[in-house]
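Asks: I would like the atomic coordinates for the input below:
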Amino acid sequence: MQFFFITILFSFLYFLYFIFNNNFENFNSVSSLFKSSSDLGLFDFLKLILETIILSLLSTGIAISLPPLVIGIFNNNSSKIFIKIFAFLLRLIPTPVILLTLLTFNNPSLSLAALTLGLHNAGITSKLLFTNLDSQDKRNYIAMKSLGISKKTSWLLGLFSQQAKSYLSYCAYRSDIIIRETAIVGVIGSVGLGWQLQESLSSFAWQEVTIVLIAYSSIAIVGELINGKIKNSLT
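Replies: This is a model prediction of the structure:
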């Protein structure tokens with residue numbers, strides 16, 4: 001659980017770094033940290049796996065941490081309406097379309113792919129969070145406000161704390177979907193195993209295709225096992 005929340009915190013901090021870095025000069029991919037001359041050697045393949053794992057972790061962290069953070073900070077009726085509209089647009093527009101639009105202004109990068117996938121899924125997780133919060137008993141929240149506790153603290157302790165377990169349980173399930181969506185995002189964003197899968201298919205390198213599919217399946221299986229343990233610990 002500690003590793004799970006550390007991942008969320010790291011992803012959110014990296015998200016803030018991406019937003020406030022005006023030059024958008026993040027590392028284009030994990031591959032820029034390494035050097036290799038082979039076309040697809042073992043070292044290159046491990047880099048692609050690492051890219052895919054980091055892409056999944058960053059996207060999951062953004063999808064989990066962003067909705068409660070934004071709702072908690074902008075906790076008034078007008079802000080909630082704006083957040084719901086923005087979240088609806090994120091859900092409405094498919095991830096590939098969002099990424100292709102952003103690529104007209106930026107170079108392909110791991111950061112951009114993670115941000116796009118994370119925001120799209122944040123629109124989905126925020127809908128669940130809003131639905132649960134709207135149907136929840138608000139007596140604790142009202143009581144804490146009447147005692148003079150700040151509105152944000154009252155929301156965190158009086159409302160969100162009661163939904164935290166169910167919210168994180170759903171997000172653990174959602175992270176399984178995010179892992180699978182990295183294939184599509186990787187193809188468009190030119191990162192990770194998705195990019196290599198496209199390259200291998202275009203060159204009819206079926207042995208490489210098989211290896212990439214096995215790697216993707218392994219990452220998905222490990223992700224399901226970890227998420228299963230997380231969901232069991234939350235019940």
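
Asks: can you tell me the element the most centrally placed residue in the chain falls in?
Replies: Nearest to the mean C-alpha position of the chain, counting by C-alpha atoms, centre = their mean, stands residue 59 at 2.0 Å. If you go by DSSP states H and E, residue 59 is part of helix 42-73.

Asks: and that helix, what's buried?
Replies: Applying a neighbour-count criterion of 16 or more other C-beta atoms under 10 Å, one finds 44-45, 47-68, 70-71 buried in helix 42-73. Heads up, the C-betas are built off the backbone N, CA and C, glycines and all.

Asks: how about low-confidence regions in this structure?
Replies: 1-42, 234-235 (pLDDT under 70).

Asks: quick one, helices of it?
Replies: 2-20, 42-73, 77-92, 95-103, 110-134, 139-146, 151-155, 161-189, 192-202, 206-234 (DSSP state H).

Asks: hmm, back to that, who does the helix holding residue 59 touch, helix- and strand-wise?
Replies: helix 2-20, helix 77-92, helix 110-134, helix 151-155, helix 161-189, helix 192-202, helix 206-234 (3 or more C-beta pairs under 8 Å, 6 or more residues apart in numbering; DSSP states H and E).

Asks: quick check: angle from the third one to helix 77-92?
Replies: Read that as helix 110-134. 130 degrees (axes from the mean of the first three to the mean of the last three C-alpha atoms, to 10 degrees).

Asks: what about helix 110-134, distance to the chain center?
Replies: 7 Å (C-alpha atoms, centre = their mean, to the nearest Å).

Asks: ok and it relative to helix 139-146, angle-wise?
Replies: 100 degrees.

Asks: now helix 110-134: buried residues?
Replies: By 16+ other C-beta under 10 Å, the buried positions in helix 110-134 come out as 110-130, 132-133.

Asks: re earlier: can I get the helices and strands packed on helix 42-73 in JSON lines including distance to residue 141?
Replies: Listed next are the helices and strands packed on helix 42-73 as JSON lines, based on distance: least, C-beta to C-beta, whole Å:
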{"stretch": "helix 2-20", "distance to residue 141": "24"}
{"stretch": "helix 77-92", "distance to residue 141": "14"}
{"stretch": "helix 110-134", "distance to residue 141": "10"}
{"stretch": "helix 151-155", "distance to residue 141": "5"}
{"stretch": "helix 161-189", "distance to residue 141": "9"}
{"stretch": "helix 192-202", "distance to residue 141": "42"}
{"stretch": "helix 206-234", "distance to residue 141": "22"}
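
Asks: compare those helices and give me the one nearest residue 101.
Replies: Ranking the helices and strands packed on helix 42-73 by proximity to residue 101 (C-beta to C-beta) places helix 110-134 first, at 9.1 Å.

Asks: fine, thanks again, bye for now.
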